[in-house]
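A.B. asks: this is the structure alone, sequence omitted:
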């Protein structure tokens, strides 16, 4: 049975990533792009679909783990009857190829260690052909893919599995390095693992040192920033929504999606918080990625792309995988790529405006793309769409989508006025005002005193918390406060926030899912802007307590079973954590100021 989602940690090299279990197993490892297949897939099923375990032969009495300070280097200490060992897992960034390195260091006594490697490609379906090289390394080939296993310990093969058993005494270190290469290339020379560890430590500590945040949540902020950086595909600047696919939003259910793509919405939000924390280079890299990915006709712009900008992300199912704890189907690709989601235009226009407020250099092609997208939005903003939650099988006039369409034009107007850009401001103002009037008329229920999920609906949606955040209406507007009260009344479960009531409004799927962690952070932000700082801090710190022992968050949480749900680690959750931390810190620096005018000064800032 697979481990709980929160029992995993992420390592990565800015090309790909692997999930390392608390028990010393790596049960999920992608090849050099998140969308290009997997070397192991046991997290989604059983060990026969691939696994790599390095751990004491006998069960450990105690396991402690941590990331080395300000890095993505994972250290796991195993305490046994005979002694203790430390397994250090890492992937060196910016190398010509991807390498997973596992170092076993003796801390006390002598510990017998077992290594078992079950290599499977193409999502656990394909066993490779394994041969031994002249230098003792093992080469495994499956079609276009090749991995090389080098080690300081002797290894042998048994039943399509590579194994090694060896003792490690105090002061002794053994190591394994699994390296990926295209199978048609020559076999590269061995690398020095100690030197790679030093280089990896230096890279992450130097990168983290650029963080400009100072405040009470520094540990959580830095870990979230490192996680977002780890989900970045360095060769192109794309940012993936998560490192995994098909981890369920309900155990045993069908809400299992592939999140190893670059959503324009999620990436825009990620870049805003990265820039707010002092990381301007990432903003320019992503802007350049966007210009390349979205090149072509504006009416062909998609809500998501592959990490290199691929547009073909057809969804299909892997029927040979049993799914995480029986949660089927396991999906590759995402059918939401074909949806209309109007809010994406708002996020794009907003991130461009805020990037100009930062240190991002101007880019003529970026401006042309932005203006072309707005011209297209003028034609389509009245259409129903699938909305931020990507409902399947239905279209609605989602209030949040219209608010974000308003935000797109509002941000473009600000960019033109503040930075001297030549845009059709008068025309944009007219569209902006028309959208605003329609939302206030059709998206608000005057009897209930709240904005609603979509025109004509009686239900609320946590996405309505964007209304004050974008500046669509001030936080002290009675309609906004009525919406916050309705969300508190209808969407809070066990102290956390649902996206919407899946029993009342759904997308043709069976109802039921966990509480949605980004929405809980949004409500904390709404409390803060409302002057309810104590409520904001209480909710924020309650969500922080849900992070696993490594500071990582998934997409959702089951408060009854007290376990994480959804893909992991989730960029959207960490982005929302950062936004809330930045907002709370700024307001606390105002010495507990309650005035609405000061609160409004913080609207629409990361």
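C.D. replies: Received it, and whenever you're ready, just let me know what you need. Just so it is clear, the model here is predicted, and its values are computed rather than measured. Numbering: from 1, shown residues only.
A.B. asks: okay, residue 594: pLDDT?
C.D. replies: Among the per-residue scores, residue 594 shows a pLDDT of 43.
A.B. asks: flag every buried residue along the longest helix along the chain.
C.D. replies: If you go by DSSP state H, the chain has its longest helix at helix 399-419. Buried positions in helix 399-419, judged by neighbour count with 16 or more other Cβ atoms under 10 Å: 399-416. All C-beta atoms are positioned from the backbone trio N, CA, C, and that covers glycine.
A.B. asks: what's the mean pLDDT across the helix or strand just after it?
C.D. replies: Going down the chain from helix 399-419, the next helix or strand is helix 425-442, by DSSP states H and E. Across helix 425-442, pLDDT averages out at 98.
A.B. asks: quick one, domains of the chain?
C.D. replies: Per automatic domain parsing, the structural domains of the chain span 5-186, 222-601.
A.B. asks: who are the contact partners of residue 566?
C.D. replies: By Cβ atoms under 8 Å, 6 or more residues apart in numbering, residue 566 lies in contact with 5, 242, 247, 248, 249, 514, 554, 555, 556.
A.B. asks: and the helix or strand hosting residue 204, what does it pack onto?
C.D. replies: When secondary structure is defined by DSSP H and E, residue 204 falls within helix 193-208. Using 3 or more Cβ pairs under 8 Å, 6 or more residues apart in numbering; DSSP states H and E, the elements in contact with helix 193-208 are strand 83-90, strand 99-118, helix 218-230.
A.B. asks: re earlier: what is the most widely separated pair among the contacts of residue 566?
C.D. replies: By the measure Cβ to Cβ, 242 and 514 form the most distant pair in the contacts of residue 566, at 14.8 Å.
A.B. asks: below-threshold pLDDT in the stretch 351-500 of the chain: ranges please.
C.D. replies: For the stretch 351-500 of the chain, the stretches flagged by pLDDT under 70 are 359-365.
A.B. asks: same check on the stretch 1-150 of the chain?
C.D. replies: Ranges of the stretch 1-150 of the chain meeting pLDDT under 70: 1-2, 33-36.
A.B. asks: so which residues of it form strands?
C.D. replies: Here the stretch 1-150 of the chain has its strands, by DSSP state E, counting those that start in this stretch, at 8-12, 17-21, 25-30, 38-41, 51-56, 62-67, 74-79, 83-90, 99-118, 129-132, 138-142, 145-151.
A.B. asks: report all helices and strands that the fifth one contacts.
C.D. replies: In terms of contacts (3+ Cβ pairs under 8 Å, 6+ apart), strand 51-56 is packed against strand 25-30, strand 83-90, strand 99-118.
A.B. asks: save the ones you listed as CSV, and put in distance to residue 284 and mean neighbour count too.
C.D. replies: As requested, the helices and strands packed on strand 51-56 are exported to CSV (distance: least, Cβ to Cβ, whole Å; neighbours: other Cβ atoms under 10 Å):
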stretch, distance to residue 284, mean neighbour count
strand 25-30, 26, 26
strand 83-90, 27, 22
strand 99-118, 28, 20
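A.B. asks: okay if I get the ones you listed as JSON lines plus distance to residue 163?
C.D. replies: Formatted as JSON lines, the helices and strands packed on strand 51-56 follow (distance: least, Cβ to Cβ, whole Å):
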{"stretch": "strand 25-30", "distance to residue 163": "14"}
{"stretch": "strand 83-90", "distance to residue 163": "17"}
{"stretch": "strand 99-118", "distance to residue 163": "5"}
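A.B. asks: can you count the residues close to the closest residue in space to residue 256 that isn't next to it in sequence?
C.D. replies: Nearest non-adjacent residue to residue 256, counting by Cβ to Cβ, 6 or more residues apart in numbering: residue 246, 3.9 Å away. Using other Cβ atoms under 10 Å, residue 246 has 25 neighbouring residues.
A.B. asks: now do the one 10 residues further on
C.D. replies: Residue 256 has 22 neighbouring residues, counting by other Cβ under 10 Å.
A.B. asks: make sure it is indeed in a helix.
C.D. replies: No - under DSSP: H, G, I helix; E, B strand; the rest coil, residue 256 sits outside any helix and is assigned coil.
A.B. asks: ok, back up a step: who are the packing partners of the longest helix of the chain?
C.D. replies: Helices and strands touching helix 399-419, as assessed by 3+ Cβ pairs under 8 Å, 6+ apart, comprise helix 343-357, helix 364-380, helix 425-442, helix 466-470.
A.B. asks: tell me the gap between the first one and the middle of its chain.
C.D. replies: Taking Cα atoms, centre = their mean, to the nearest Å, the mean C-alpha location of helix 343-357 is offset from the chain mean by 19 Å.
A.B. asks: can you spell out which helices and strands pack onto that helix?
C.D. replies: Going by 3+ Cβ pairs under 8 Å, 6+ apart, helix 343-357 lies up against helix 264-276, helix 280-293, helix 364-380, helix 399-419.
A.B. asks: burial count for the nearest residue to residue 477 once chain neighbours are set aside?
C.D. replies: Nearest residue to residue 477 in three dimensions, chain neighbours excluded: residue 468, at 7.7 Å (Cβ to Cβ, 6+ apart). Other residues near residue 468 come to 25 when the count uses other Cβ under 10 Å.
A.B. asks: for the stretch 501-606 of the chain, what are the low-confidence residue spans?
C.D. replies: Counting by pLDDT under 70, the ranges of the stretch 501-606 of the chain that qualify are 503-509, 511, 591-606.
A.B. asks: hmm, back to that, for residue 529, see how far away the residue nearest to residue 477 is.
C.D. replies: Residue 468 sits 6 Å away from residue 529, going by Cβ to Cβ, to the nearest Å.
A.B. asks: in TSV: the helices and strands packed on helix 343-357, plus distance to residue 425.
C.D. replies: Formatted as TSV, the helices and strands packed on helix 343-357 follow (distance: least, Cβ to Cβ, whole Å):
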stretch	distance to residue 425
helix 264-276	22
helix 280-293	22
helix 364-380	11
helix 399-419	5
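A.B. asks: nearest to residue 427, of those helices?
C.D. replies: helix 364-380 (7.7 Å).
A.B. asks: tell me which other helices or strands the closest one touches.
C.D. replies: helix 280-293, helix 343-357, helix 399-419, helix 425-442.
A.B. asks: one more pass at 6 Å, please.
C.D. replies: Contacts defined by 3 or more Cβ pairs under 6 Å, 6 or more residues apart in numbering; DSSP states H and E place helix 364-380 against helix 280-293, helix 343-357.
A.B. asks: looking at the ones you listed, which has the lowest confidence?
C.D. replies: Among the helices and strands packed on helix 364-380, helix 280-293 carries the lowest mean pLDDT, a mean of 85.
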